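**Student:** have a look at this prediction, sequence included:
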Amino acid sequence: MPDSPDNPDQRISQDTDKMCLEFSKIFAQIIVCPFTIVYYIWQTWSRTGYYGPLIVIGLFMLSTLLNKFLMSPVVNYVYQNEKLEGHYRFSLMQTRVRAESIAFYRSGLNERDKNSKKLENLIEVQRNLFFRRIFLNISINGSDYIGSIISYLILGVPIFAGFYDNTPQSDLAAQISSSSFVIMYLINQFTKLIDLAEGASNVVGTAHRVGEFYEYLSKMDTKPSQMSTNQHENSVVEFHEATLAIPDSNRILIKVIL
C-alpha cells in the first residue's frame, strides 16, 4: 500500500474545486483562440506579407518561453502552499478537539509552538509565491505592452517598403486602418494565450495534488475484507484468575477465579 496522502478531505473538497474552477476559466480561450489566430494570420499575411505573422509568432514564442521559465516555480509554490495550508488547518482542528487533554497535560506551550512553526512555514511559502507571481505578472503585462508597439512596427514596414504605392490616396487611410486592426487583433489573440499563464499555474499546482490522491485511490485494494461467518468464533472472552483493582491501591474490587 502506498503512503497515505496528506489531508485527503482538502484534496477532495478544496483542491478539486479550485482546479475545476480555474480550468473552466481558461478552457474557452484554449478552444477558441487557435481558430481565431489561424484566420487572422492569413489576414495579416495578405496585408503585410510573410514577415508580419512571422514577427508576431516569434514574439509569442519568446514570451511563452519566458513565462514557462517564470511559471515553473509558481506551480511548485502553489503545490506547497495548498499542502501547508492543509497541515496548518488540520493542526488547529486537532488542538480544538484535544483542548481538554492539552489542559490536563499542561502542554499548551508545546501546542502553541507547534502551530506557530507550521504557520511560519506557511507564511514563508506564501511570501515566496507572492514574489514569484510578481515576476510572472510583469512578464505577462510586459508582453501586452510590447505587442502594441510591435503592431506599429509591423505596419510601418509595408508602408515604407512601397507595399501601398499603387493604392489610391482615397483608399490608403482605410487600407492602413484595416491592416492595423488585423495586426492588433492577431497580437491580442496571442496575448490572451499568454495571459492564461497565471491561471494555468494554479491549475497545474492543484492538479498535481488531486492526481496524487487519485493514484493513491486507484492503488488501494478495493476487495471487501473476508469476515468470518462463524457466529460463535471469537465470541467468548475467557478470564483465569483475573482481578480488577484501583490504580496505586491494594484494594481489589473484583476477583474472578475460573
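**Tutor:** Thanks, I have the structure now. Numbering: from 1, shown residues only.

**Student:** any idea how far residue 144 is from residue 35?
**Tutor:** Noted for residue 35: a distance of 22 Å to residue 144, by C-beta to C-beta, to the nearest Å. Backbone N, C-alpha and C define where each C-beta goes, glycine included.

**Student:** for the stretch 101-250 of the chain, which spans come out with low pLDDT?
**Tutor:** Applying pLDDT under 70 to the stretch 101-250 of the chain flags the ranges 221-237, 239-250.

**Student:** now the helices for it?
**Tutor:** Here the stretch 101-250 of the chain has its helices, by DSSP state H, counting those that start in this stretch, at 108-160, 169-219.

**Student:** past the helix or strand encompassing residue 37, which element shows up next along the chain?
**Tutor:** Here residue 37, judged by DSSP states H and E, is contained in helix 16-48. Using DSSP H and E, the helix or strand that directly follows helix 16-48 along the chain is helix 51-97.

**Student:** name the helices or strands packed onto that next one?
**Tutor:** Applying 3 or more C-beta pairs under 8 Å, 6 or more residues apart in numbering; DSSP states H and E, one finds that helix 51-97 contacts helix 8-10, helix 16-48, helix 108-160, helix 169-219.

**Student:** packed most tightly, which of those helices would that be?
**Tutor:** Using mean count of other C-beta atoms under 10 Å, the stretch among these with the greatest mean number of neighbours is helix 169-219 (a mean of 17).

**Student:** let me know the angle separating it from helix 108-160.
**Tutor:** Counting by axes from the mean of the first three to the mean of the last three C-alpha atoms, to 10 degrees, helix 169-219 lies at 150 degrees to helix 108-160.

**Student:** start the count at 527 instead of 1 going forward.
**Tutor:** Got it, first residue is 527 now, which makes that one helix 695-745.

**Student:** elements contacting helix 695-745?
**Tutor:** With contacts taken as 3+ C-beta pairs under 8 Å, 6+ apart, helix 695-745 sits against helix 542-574, helix 577-623, helix 634-686.

**Student:** buried sites along stretch 580-594?
**Tutor:** The neighbour-count check on stretch 580-594 (16 or more other C-beta atoms under 10 Å) flags 581, 582, 585, 586, 589, 590, 592, 593 as buried.

**Student:** just send those residues back as TSV, with distance to residue 649 too.
**Tutor:** TSV is the format used below for the buried residues of stretch 580-594 (distance: C-beta to C-beta, whole Å):
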residue	distance to residue 649
581	44
582	42
585	38
586	37
589	32
590	32
592	29
593	27
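
**Student:** that older thread, tell me which of the helices of the stretch 627-776 of the chain lies nearest to residue 612.
**Tutor:** Closest to residue 612 of the helices of the stretch 627-776 of the chain is helix 695-745 (C-beta to C-beta; 8.9 Å).

**Student:** re earlier: ok, so of the buried residues of stretch 580-594, who is nearest residue 607?
**Tutor:** Within these, the smallest distance to residue 607 is 19.8 Å, found for residue 593 (C-beta to C-beta).

**Student:** find the nearest non-adjacent residue to that closest one, please.
**Tutor:** Take residue 593 and drop its neighbours on the chain: the residue closest to it by C-beta to C-beta, 6 or more residues apart in numbering is residue 723, 4.4 Å away.

**Student:** now do the contacts for that neighbour.
**Tutor:** 593, 596, 597, 662, 665, 666 (C-beta atoms under 8 Å, 6 or more residues apart in numbering).
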